[in-house]
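Enquirer: sequence first, then the predicted structure:
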Amino acid sequence: MARQAGVSPATVSRVLSGNHPVAPATRTKVMRAIRELDYVVNAHARALAGSHTKTVAIILSDVTAPFFNTIAGGIQRQATLEGRLCLICASDGDPDQELAIVSMLREQSTDAVFLIGGITDTPEYRRRMARLAHALNDAGSRLVLCGRPSPGDDLPVTVVEYDNEGGAFSAASHLLSAGHERIVFLGGTQGNTTTEARTDGLRRAMASYGLQLDPDLVAPGRLDRGFGYRATRQLLADGAEFTAIFACDDPVAAGAVAALREAGRDVPGEVSVIGYDDLSPAEDVFPALTTVHIPHEELGRTAVRLALHRDDLDRPTQHVVLGTHVVVRGSVAPRPRH
């Protein structure tokens, strides 16, 4: 692979480990070589030699985001009970980096590799992830997807999801039953599996009321408070007509509430706001957020139990969907009558 990239083996190692600075152009060349060669170290030989590390690995898009690290906490606590050491890796939301890390972990004879959260789903991503799932399985390891759909049928993967679309349907129905028809969908990346499921849930709920989601009221963007604040200010400046905001997660919802209050809009008297995740800052903003609860801790623990005991006769399934529910607080009220 070093020859393919035109760099030294040491440079390839630095790029894969992420422990040393590498020029962006050099990193791009190495990552391109990884894609072209579909680089995977021969972990099967190492497994046959008897190597067993008693470790599991978690790959996060963002180590600071509550959604990711709360699920990771559940994985870590259950893994500890199972006598496993946890490795934490960060992909920074880069699918190529995520695939490269999975390849590296295969070399380490890791018992299981956990991927948390949604991904932009493409045919190329599915093809390469399917190949890695088989490679890990051949090495005695396991690819585990938490909160993410499987990249294909009949693959040796463990999948633990939550009812993402169903949670969005319930949240949207809560707004619709309060009389809201002009609903903003705020945040998230189009094409991302998490965002798409939540948008689908909102659309399905609106369709059940004979309504359609207005494309002008869909504002994609980063899942953070800053985006929620800026996007809501822009909607207000543009004169958009809406009485409710469905935020793709709670930090986005918190930013929206701050922008509305700054503009003199009463929440929920004039505009209702609902979030998703039921993590900080759901109870820390005023009014406290109505949101969708995800069983983050149980998601992680279930994933570990299924993956490490996949050969047990009492665990026949390797695909589990956990429930979600709406937590009603103070940020939603009936649509104001004019």
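Expert: Nice, I can see it. The model shown is predicted, which means the values in this text are computed figures rather than measured ones.
Enquirer: and residue 304, what is it in contact with?
Expert: Counting by CB atoms under 8 Å, 6 or more residues apart in numbering, residue 304 touches 56, 74, 75, 78, 79, 82, 84, 112, 114, 144. In this view, the C-beta of every residue, glycine as well, is placed from N, C-alpha and C.
Enquirer: reformat those residues as JSON lines; add pLDDT, distance to residue 335 and secondary structure.
Expert: Output for the contacts of residue 304, formatted as JSON lines (pLDDT from 0 to 100; distance: CB to CB, whole Å; DSSP: H, G, I helix; E, B strand; the rest coil):
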{"residue": "56", "pLDDT": "93", "distance to residue 335": "48", "secondary structure": "strand"}
{"residue": "74", "pLDDT": "94", "distance to residue 335": "38", "secondary structure": "helix"}
{"residue": "75", "pLDDT": "95", "distance to residue 335": "41", "secondary structure": "helix"}
{"residue": "78", "pLDDT": "95", "distance to residue 335": "44", "secondary structure": "helix"}
{"residue": "79", "pLDDT": "94", "distance to residue 335": "47", "secondary structure": "helix"}
{"residue": "82", "pLDDT": "92", "distance to residue 335": "50", "secondary structure": "coil"}
{"residue": "84", "pLDDT": "92", "distance to residue 335": "51", "secondary structure": "coil"}
{"residue": "112", "pLDDT": "93", "distance to residue 335": "48", "secondary structure": "strand"}
{"residue": "114", "pLDDT": "95", "distance to residue 335": "42", "secondary structure": "strand"}
{"residue": "144", "pLDDT": "95", "distance to residue 335": "43", "secondary structure": "strand"}
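Enquirer: any idea which helix or strand in the protein has the lowest mean pLDDT?
Expert: Among the helical and strand segments of the chain, the one scoring lowest on mean pLDDT, DSSP states H and E is helix 43-48, with a mean of 42.
Enquirer: sorry, back to before: and the contacts of residue 304, which are buried?
Expert: Among the contacts of residue 304, the ones that count as buried by 16 or more other CB atoms under 10 Å are 56, 74, 75, 78, 79, 82, 84, 112, 114, 144.
Enquirer: need those in CSV (columns: distance to residue 156).
Expert: Shown next, in CSV, are these (distance: CB to CB, whole Å):
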residue, distance to residue 156
56, 16
74, 23
75, 19
78, 21
79, 20
82, 20
84, 19
112, 12
114, 15
144, 11
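Enquirer: what residue is smack in the middle of the chain?
Expert: residue 117 (2.0 Å; CA atoms, centre = their mean).
Enquirer: from residue 299, how far out is that residue?
Expert: In this view, residue 117 and residue 299 are 11 Å apart by CB to CB, to the nearest Å.
Enquirer: low pLDDT regions in the stretch 1-150 of the chain?
Expert: Scanning the stretch 1-150 of the chain for pLDDT under 70 picks out 1-2, 4-5, 14-20, 34-53.
Enquirer: ranges for the strands of it?
Expert: 55-60, 85-90, 112-116, 143-146 (DSSP state E, counting those that start in this stretch).
Enquirer: which neighbouring elements make contact with the shortest one?
Expert: Pointing back at strand 143-146 there. Judged by 3 or more CB pairs under 8 Å, 6 or more residues apart in numbering; DSSP states H and E, the packing partners of strand 143-146 are strand 112-116, helix 123-138, strand 157-162, helix 296-308.
Enquirer: show me the beta-bridge partners of residue 60.
Expert: Beta-bridge partners recorded for residue 60 (DSSP bridges): residue 90.
Enquirer: what's the local residue count around it?
Expert: By the criterion of other CB atoms under 10 Å, residue 60 has 23 neighbours.
Enquirer: from what I see, it and residue 66 are in contact.
Expert: No: applying CB atoms under 8 Å, one finds residue 60 not in contact with residue 66, separated by 11.5 Å.
Enquirer: break this protein down into its domains, please.
Expert: Following automatic domain parsing, one gets these domains for the chain: 40-162+297-322, 164-294.
Enquirer: most tightly packed of the ones you listed?
Expert: Sort the domains of the chain by mean neighbour count, taking mean count of other CB atoms under 10 Å, and domain 164-294 sits at the top with a mean of 20.
Enquirer: where do the helices sit along the stretch 151-300 of the chain?
Expert: Secondary structure of the stretch 151-300 of the chain (DSSP state H, counting those that start in this stretch): helices at 164-177, 193-208, 225-237, 250-262, 296-308.
Enquirer: columns mean pLDDT on top of those, output as a markdown table?
Expert: Below are the helices of the stretch 151-300 of the chain laid out as a markdown table (pLDDT from 0 to 100):
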| stretch | mean pLDDT |
| --- | --- |
| helix 164-177 | 98 |
| helix 193-208 | 96 |
| helix 225-237 | 97 |
| helix 250-262 | 96 |
| helix 296-308 | 94 |
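Enquirer: out of the ones you listed, which comes closest to residue 89?
Expert: Among these, helix 296-308 comes nearest to residue 89, with 15.5 Å by CB to CB.
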